[in-house]
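> 3D, please:
(3 chains)
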Amino acid sequence: MPELPEVETMVRGIRPHVAGRVITRVERCRCRYRPIDVTPSMRQIARRATGRTIVEVARRAKRILLKLDSGDCFAIEPRMTGLMLVDAAPDRSHLRIRWRLDDGNDLWFWDRRGLGTLRLYTPDEYEAALGPDRLGPEPLDMSTADWKQRLTGRSREIKVALLDQKLVAGIGNLYAAEILHAARIDPRRRTEGLSGREIGRIAARAIEILNEAIRYEGSTLSDGTYRNAINGEGRYQNEHRVYGRAGQPCGSCGKATIVRIVQAQRATFYCPKCQR
DNA sequence: CCCCAGTCCTGCGGGC
DNA sequence: TGCCCGCAGGACTGGG
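Residues are numbered from 1 along each chain as shown, chains lettered A, B, ... in the order given. The predicted structure follows:
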C-alpha cells in the first residue's frame, strides 16, 4: 500500500533514470484486465507528452510527478497496488502504462488491482487538483504549530484525522498506526481533547517515522506487492511496532498485547498499555 | 458537521 | 485437496 515513504522511494529510484530524458512514446499496455483510470484520453496524453523532456521527478502526497518541459505534469497515483519501475516489474501481466525514453529504457506503471490512476495536468489543473485547497501540507514540512492549527475546529478520532488528506497529505493506514504508537496516543482519542504536548509528539514522531521508513525503502507486506523502482523489496516491515501485529506482544512495553480494532472501516492496531 | 456504507479491483489465505 | 468468502484500504460518493 504505497504511502508517503513508498512513493518517495519510487521517486528516488526512478529519478536518475528518468530526469532529463525525452519521452519518445507513451502507451497503454495490452492487459487482460480492466484499463486503469486515465485523464485526459491516452490519445491526448500521447500527443502532449511525446517528444517532451522530463525536467523534474517529484512527489506530492502519495503521487509521483513527472514534470515536462511544456509545463504539463504527469501525476501517477498508485493507490493500493501501483508501482513505478524502470526496466523491471513483478510480472508482465499487470503492466499498465509504458513510457519509452530516448536512451532506450522503459518507465513502467504496474498495478495488480488496477485502482491506480494516471493524470496529465496543465499547471492550472495541477493547482486545482493537488493545490493547498484540495490537499493538505506534507507532514515532513509541518511544525507543531501547523498541526495544532489544522487539528482545531473539528473533533474526530485522531487516527481517522491522520487519514484525511485535506488535513495532512501522504499518511495512510500503516503509518498512521505506527506514528500514533510512537507518539503514545490512543488512536480513539478525539482531536479536540489532545494537549499541545501530545500534538507536539505527533508532529515530531510523524517526521521521525516517515523518514526512517524512507531510509528503509518502505514496507513490503506479506502479499509482496510493494517494490522499489528496480523490483526490490522494502525493509521497513521488519520495524513495524503495531501494524499487522495483533495478538503479539508490544515491542515497546513487552507486556501488553497489540489490539486490532476497526475505525472508519479500516483496521487500526495499537498497544493498550503504551497508547493512552 | 460527523459518520457510515458502498464503489472500483485482484490475489491471497483462512476455514470448512 | 479444493473451493468460497472475507479481507486488504487508496480515494471518492451519496445518504442519514
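
> for the rest of this, base every contact and every neighbour count on C-alpha atoms.
Will do.

> OK, contacts around the one residue in chain A that gets nearest to DNA strand B?
Of all residues in chain A, residue A:154 sits closest to DNA strand B, at 3.2 Å by C-alpha to the nearest atom of the strand. For residue A:154, the contacting residues are A:191-192, by C-alpha atoms under 8 Å, 6 or more residues apart in numbering.

> for it, give its distance to residue A:147.
13 Å (C-alpha to C-alpha, to the nearest Å).

> swap in residue A:166?
In terms of C-alpha to C-alpha, residue A:166 sits 12 Å off from residue A:147.

> those two: who's more crowded?
residue A:147 (19 against 16; other C-alpha atoms under 10 Å).

> A strand includes the more buried one, no?
No - looking at residue A:147 with DSSP: H, G, I helix; E, B strand; the rest coil, it is helix, so not inside a strand.

> so for it, what's the pLDDT?
pLDDT for residue A:147: 95.

> may I see the buried residues of stretch A:213-225?
The neighbour-count check on stretch A:213-225 (16 or more other C-alpha atoms under 10 Å) flags A:213-214, A:216-221, A:225 as buried.

> relative to the whole chain's centre, how far out is that stretch?
Distance of stretch A:213-225 from the chain centroid (C-alpha atoms, centre = their mean, to the nearest Å) equals 12 Å.

> next one: stretch A:237-244
The chain centre lies 17 Å from the centre of stretch A:237-244; the measure is C-alpha atoms, centre = their mean.

> so what's residue A:234 up against?
So residue A:234 contacts A:216-220, A:226-228 (C-alpha under 8 Å, 6+ apart).

> from residue A:94, how far out is residue A:46?
21 Å.

> do the same with residue A:57
23 Å.

> and residue A:165, how many residues sit next to it?
Counted with other C-alpha under 10 Å, residue A:165 comes out at 18.
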